[in-house]
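In: Mind looking at a prediction? Sequence and model below.
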Amino acid sequence: MAARVSTPHLIGEPQVEGEFLPGTLDERLVDRLSRFLEGAEPVLFAPGTTPDPFSDSPATRVRVGVMTDGTWVWQLAWADYVQLHRVAPPRAFLEHAASLGFTAPEVGVERALDIARAEGIPLPE
């Protein structure tokens, strides 16, 4: 079942939604891409979960958070979409992750805070 979700995007670009389909990611990339997506720097992490837009079951939920590798920003739920449903992200993002060997570089705290500001994420005073 196709679903509309926020797409990974370059830092500072507007966040947009796109329609994505399960089963579109090569099975050989699932584990590596999922680790990349969840192993990057959290910009915002929230406890709890939200309904999985790719599932009809209300019991299937995905994690909440915003992640970055210093160049791109994405919802933590993308790690779940990839792992649970083999949803392929946009080609440019997948190529970027592959160019890094599916290993997110370290992003310092100050850079993560700058990214949060650029993304319009409210920060505590």
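Out: All right, it came through fine.

In: isn't Leu44 right next to Ile121, touching?
Out: Yes - taking Cβ atoms under 8 Å as the definition, Leu44 is a contact partner of Ile121 at 5.3 Å. C-beta: built from backbone N, CA, C; applies to glycine.

In: which residues do those two both contact?
Out: Contact criterion Cβ atoms under 8 Å, 6 or more residues apart in numbering; residues shared by Leu44 and Ile121: Val66.

In: Between these two, which has more neighbouring residues?
Out: Taking neighbours as other Cβ atoms under 10 Å, Leu44 and Ile121 compare with Leu44 leading, 19 against 13.

In: From Gly18, how far out is that one?
Out: Distance, Leu44 to Gly18, by Cβ to Cβ, to the nearest Å: 21 Å.

In: and if you look at Phe54?
Out: 13 Å.
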